[in-house]
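A.B. asks: Can you look at this prediction? I've put the sequence above it.
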Amino acid sequence: MSGKTCLNCGHKTHGKFCSNCGQKTDTHRLNWHYVWHDLPHSFLHVDKGIFYTFKELTKRPGHAINEFLDGRRTAHFRPLMYLIITGTITGLIYISLPEHSLFARDAETMDFITKLSRFQGKYFNFIGIGFLPITAFFTWLFYRKQRNYVEIMVSLFFITGHMNLISLLNVFTYPFGNLYFTSSVSFVGGLISIAYFVWAFYQLFHKTTVAKRVVYPLIISLLNSTLLVILTLALFVLYMALTGQGTAFNLNYGLE
């Protein structure tokens, strides 16, 4: 029985997929069918891809991540790519918002907050992804007996990627123009993010003690948020200095 030659690796094979590299054996020249069917299908298919991963991370984050770590990976979207896509979406949305701030009561504070918002939107992915290895390290210190460092970092790719989308709750308050409403929603959004982080770890390490499933992720989440804010502000000040835009700002939030 004659077989086909895989166009990807040159291996002689039978069936629909190459037994050597896994590529489809019916690979054909690129045409409009590829553009309108194959690409959207591989990206948006309900049984695999980004929509499936979004659904699983929403309903059962820790269990879905465990499945991926334990080898059932075909149905899931790639974790780092999921993080990059959600971070890019979040950054673009924030950077496209109109330039005004409910917290500013003078031109100088307005200028500071506007520039900070632009900086966060522009470098949202770089800061978040760059800081993740540090988050993974002190997370690994808590869970090194359950998962290795790389497994924990991959878990954080998924969790942080989903938390990027949760942070978009603040965007829906923007048209209302009410300081206290926006502040309240931001606070609730922060609580939801922390709750999601704890919930994901509660499922992810379901074989450990309650303390490791609730208290540890709560500590990690609060520590991570604090350090990330400090890092972002430090990088912003450095960025302002290097670009010659100054570092001295007189902040007056005028909340009285």
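C.D. replies: On my side now, so go ahead. All figures in this text were calculated on a predicted structure; none of them were measured in a lab.

A.B. asks: Show me where the protein has its strands.
C.D. replies: Along the chain, counting by DSSP state E, strands occupy 4-5, 12-13.

A.B. asks: Relative to Phe197, which of those strands is closest?
C.D. replies: Taking CB to CB, strand 12-13 is the member of the strands of the chain nearest to Phe197, at 44.5 Å. Every residue, glycine included, has its C-beta placed from N, CA and C.

A.B. asks: packing partners for the closest one?
C.D. replies: Strand 12-13 is packed against strand 4-5, with contacts defined by 3 or more CB pairs under 8 Å, 6 or more residues apart in numbering; DSSP states H and E.

A.B. asks: which helices and strands does the strand it packs on pack with?
C.D. replies: Packed next to strand 4-5, using 3+ CB pairs under 8 Å, 6+ apart, are strand 12-13.

A.B. asks: strand partners of the strand it packs on, parallel vs antiparallel please.
C.D. replies: strand 4-5 (antiparallel) (DSSP bridges).

A.B. asks: any idea of the mean pLDDT in the partner strand?
C.D. replies: Strand 4-5 carries an average pLDDT of 80.

A.B. asks: Check the gap between the closest residue to Ile166 other than its chain neighbours and Lys212 for me.
C.D. replies: In this structure, Ile166 finds its nearest non-sequential neighbour in Ser193, 5.2 Å apart by CB to CB, 6 or more residues apart in numbering. Separation of Ser193 from Lys212 (CB to CB, to the nearest Å) stands at 20 Å.

A.B. asks: Hmm, Phe77 is touching Lys55, no?
C.D. replies: No - with contact defined as CB atoms under 8 Å, Phe77 and Lys55 do not form a contacting pair (10.8 Å).

A.B. asks: These two - which one has more neighbours?
C.D. replies: Phe77 (22 against 12; other CB atoms under 10 Å).

A.B. asks: Spit out the contact partners of that one.
C.D. replies: Neighbouring residues of Phe77 by CB atoms under 8 Å, 6 or more residues apart in numbering: Lys48, Gly49, Ile50, Tyr52, Thr53.

A.B. asks: what about the third one, distance to Ile127?
C.D. replies: Going from Ile50 to Ile127 by CB to CB gives 23 Å.

A.B. asks: Count the residues that sit near Thr58.
C.D. replies: Counted with other CB under 10 Å, Thr58 comes out at 13.

A.B. asks: which ones are touching it?
C.D. replies: His162.

A.B. asks: before we move on, what about the one 10 residues further on?
C.D. replies: Listed by CB under 8 Å, 6+ apart, the contact set of Phe68 reads His76, Pro79, Val154, Phe158.

A.B. asks: Report pLDDT for the second one.
C.D. replies: At Pro79 the predicted local distance difference test score is 90.

A.B. asks: Same check on the last one?
C.D. replies: Turning to Phe158, the model gives it a pLDDT of 95.

A.B. asks: One more: the first one?
C.D. replies: At His76, the pLDDT value in this model is 85.

A.B. asks: And for Met1?
C.D. replies: 44.

A.B. asks: Also Val171?
C.D. replies: pLDDT, Val171: 67.

A.B. asks: Identify each buried residue in stretch 156-170, please.
C.D. replies: Going by neighbour count (16 or more other CB atoms under 10 Å), the buried part of stretch 156-170 is Leu156, Phe157, Phe158, Ile159, Thr160, Gly161, His162, Met163, Asn164, Ile166, Ser167, Asn170.

A.B. asks: I'd like those residues written out as CSV, with distance to Ile220 added.
C.D. replies: Shown next, in CSV, are the buried residues of stretch 156-170 (distance: CB to CB, whole Å):
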residue, distance to Ile220
Leu156, 10
Phe157, 15
Phe158, 15
Ile159, 11
Thr160, 12
Gly161, 17
His162, 16
Met163, 13
Asn164, 17
Ile166, 17
Ser167, 17
Asn170, 22
